[in-house]
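>>> Okay, structure incoming, though there's no sequence with it:
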């Protein structure tokens, strides 16, 4: 996951979604032209009322050349399938990619992927036939959904001519619901009270999850998968409908 | 692209038994792991559920339980569980609950079985209750010194020099000079070894008493000498020489003498060993001289530990050194006070009598006097003798016995018939309170003087004790007064009731209850042995314990004894005062694991003892 700079306070509003992703997938399957996307949507999606314990999940993380999906590209993708009982880290996947935009030196210092490493890496288009089936039928789990959603959609649109949208559970948003529900009062500000951090590592530590080295795609994906299991077991229930979590 | 599970791999590299795996295998394990999060208080494993993975705690803490709900273990980061279930039918044997919020790494059964089959260290680490495995683990240090690994045969450089028993001493001396040897084997008419004479024998048994050189060698030889077989280990020769204070030891091969080893052979082979220390003890003229040898004693102890000697070798070498100190002090005392008014026997009690002495030890001793002893006439002599020895021992690092079990105490300085009454009364009118103080007297060894009296007392005990269920029950109650802990949790000692302590007194909670337990069983079969390992061997021969239990006890005792020994050696190496207080963080994961199993064996054995003697 990408370094976000100073804490962004744009999560004051909890963003519940009552979207019916099952219906959306059915519609898209009929509309899209590209066979990869047809296949993707045809796999279907669970109903909004499905308990989270029954939902197949996949944690994903992108390392990118920058924040804005319009002029930055994906350098690496990490992916870990899981469910509420088990994180299948043994089936984790990771790809290094050659981005369409130059790798800035700043981003190199963040994710430690160097120019020479990606010079021989494939373009995303070569990876999509493998990647999309691994996402099909599953709800994606990320920490800060903007990055993964924007970059996936933009990158796929460039390659396949059509964009892609999938349901996402954002572990950062789940933390924001708890810690950003109310803005700080003037009294809190007066006392220089700081907002509780909802970054991945800080969030994990509240559930006694161990610190991991950040900015390694598959490790970050794993970290969000563990975080979601912890969040569900502390704050929700296995019977919580997925609609209360996804957006 | 090849996936890297950096965090999983790095974690495995920090914990046994994974960090010991070859890099390639470790990588394979890292890629096979699945993960799960468990909130504090939630069940991780339920009894008899099918089991598919070894559980490794990535973070948090877990408690495992017996079927009856008793706490079995408490584990923290790096701890593994469910291995017993995987090894025995793939069902959960010990249910597990998350004590804190916990992240578990699941290592698939198939990978676990492969590691178990292919990697000996891994198998040792996870194996529970298998005595064979425990034994091999002790030998993990491959760097066994030659002294400990080599046989007596390697010391033999020449054919033995021998002469018939009908020869006279002049002929013998001629031959010894000609062959340039300091000892000569004496063969009987059947060519079997009949005795041995040494330079010293000729000096002290022929020249000094003024006998003629025509005296037959058989008149001055040491008949039926202690011998050793050539395939025995050098350390065994060393132990024999220490035990009997011998300078020459004939070596046999199928009953035939094939050579002689001298103390100098062994000292040359390994300088600074316990034999060398013993021989120096006997050359010292004052208590201050003896005191100056203490650093050598400590160096010798540390050296044996470094050379991976086992607890039996170390315990008997240290006991031999302690015994030599006593003997030399008694020689010096007699030189100062004059010859004793009546014969006496100086007794060693406790660890020295059991050949299980370490560097940190009390002096437990007593005096058995001739029945003609008259306190008015003789006691001031023996009181002075006892005080001389006791003060001398204290100067040499053998601290005064806190329980006052010393010959300086009048109660323990009595004629043989009183001692016999003591033992009779302990055995026939036992109470746990009386025996608490006197259990030390059931490990006795005659060190000096009329040592046959010590044997007489041992025989008395052996004949009486086994027929007295009340006595055995009282001894059992005492033996059960000290229990082992459950194991370790983080940096704490984990007690059976879930309490946590900072330190483990390895003697009080480990070796001492073990010794007590073995003693009760040994008394019940009329054993006259004092050494715990010898007692266990008799228990094995007598088949009084369920099959394999005595062997388990032996291995578990060794694990605990060696932990204590290594702890004391480490203190000596860093210039500190050795003690029995082991801090859990000083133990390796491997040691913790094996100690826990050894405690388990002890705990089970205590339950059996309680049931067996109806205490």
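Thanks, I have it. Source: prediction; values computed, not measured. Numbering: from 1, shown residues only, chains lettered A, B, ... in the order given.
>>> In contact with the residue lying closest to residue B:489 once chain neighbours are set aside, which residues?
Setting aside the residues directly before and after it, residue B:489 is nearest to residue B:74 in space (CB to CB, 6 or more residues apart in numbering or on different chains), at 4.2 Å. Placement of C-beta: from N, CA and C, glycine included. Taking CB atoms under 8 Å, 6 or more residues apart in numbering or on different chains, we find residue B:74 in contact with B:61-64, B:99, B:486-487, B:489, B:494, B:498.
>>> rerun that using 7 Å as the cut-off
Counting by CB atoms under 7 Å, 6 or more residues apart in numbering or on different chains, residue B:74 makes contact with B:61, B:63, B:99, B:489, B:494.
>>> Spatially, and excluding backbone neighbours, which residue is closest to the residue sitting nearest the centre point of chain A.
Note on chain A: the residue nearest the mean C-alpha position is residue A:142, at 2.5 Å, using CA atoms, centre = their mean. Closest residue to residue A:142 apart from its sequence neighbours, by CB to CB, 6+ apart: residue A:148 at 4.6 Å.
>>> quick one: secondary structure of the one you found?
helix (DSSP: H, G, I helix; E, B strand; the rest coil).
>>> And residue B:93, its phi and psi?
phi -100, psi -40 (degrees, to the nearest 10).
>>> Show me which residues of chain A are close to chain B?
A:85-90, A:92-96, A:207-210, A:212-213, A:216, A:218-219, A:226, A:229-230, A:233-234 (CB under 7 Å from any CB of the partner chain).
>>> count of residues packed around residue 30?
Defaulting to chain A. 9 (other CB atoms under 10 Å in any protein chain shown).
>>> that's the wrong chain, I meant chain B
Residue B:30 has 24 nearby residues by other CB under 10 Å.
>>> gap between the helix or strand harbouring it and the chain center?
Assessed by DSSP states H and E, residue B:30 sits inside helix B:23-32. Taking CA atoms, centre = their mean, to the nearest Å, the mean C-alpha location of helix B:23-32 is offset from the chain mean by 40 Å.
>>> Kindly report the same for stretch A:139-152.
The answer for stretch A:139-152 is 3 Å, by CA atoms, centre = their mean.
>>> And what about the residue nearest to residue B:489, helix, strand or coil?
On the basis of three-state DSSP, residue B:74 is classed as strand.
>>> measure stretch B:301-320 end to end?
12 Å (CA to CA, to the nearest Å).
>>> Skipping adjacent residues, who's closest to residue B:560 in space?
Leaving aside its sequence neighbours, residue B:560 sits nearest to residue B:510 (CB to CB, 6+ apart; 4.0 Å).
>>> need the longest helix for the chain.
In the absence of a named chain, this looks at chain A. Scanning chain A for the helix with the most residues, using DSSP state H, yields helix A:217-235.
>>> please go with chain B instead
helix B:311-337.
>>> Now do the buried residues in the longest helix of chain A.
Within helix A:217-235, the residues scored as buried using 16 or more other CB atoms under 10 Å in any protein chain shown are A:217-233.
>>> Tell me the bridge partners for the closest residue to residue B:187 other than its chain neighbours.
Leaving aside its chain neighbours, residue B:187 sits nearest to residue B:162 (5.1 Å; criterion: CB to CB, 6+ apart). Residues in a beta bridge with residue B:162, per DSSP bridges, are residue B:185.
>>> By mean pLDDT, point me to the weakest helix or strand of chain B.
When the helices and strands of chain B are scored by mean pLDDT, DSSP states H and E, helix B:131-138 comes last with a mean of 37.
>>> wait, what's in contact with residue B:328?
B:281-282, B:284, B:290.
>>> What are the phi and psi values at residue A:214?
Main-chain torsions, residue A:214, degrees, to the nearest 10: phi -80, psi 170.
>>> shouldn't residue A:128 be in contact with residue A:35?
No: using CB atoms under 7 Å, residue A:128 is not in contact with residue A:35, being 11.1 Å away.
>>> can you tell me how far residue B:92 sits from residue B:67?
10 Å (CB to CB, to the nearest Å).
>>> Name the residues contacting each of those two.
Joint contacts of residue B:92 and residue B:67 (CB under 7 Å, 6+ apart) are residue B:47.
>>> And the two? Which one has more around it.
Neighbour totals were compared for residue B:92 and residue B:67, and residue B:92 leads with 20 against 11 (other CB under 10 Å).
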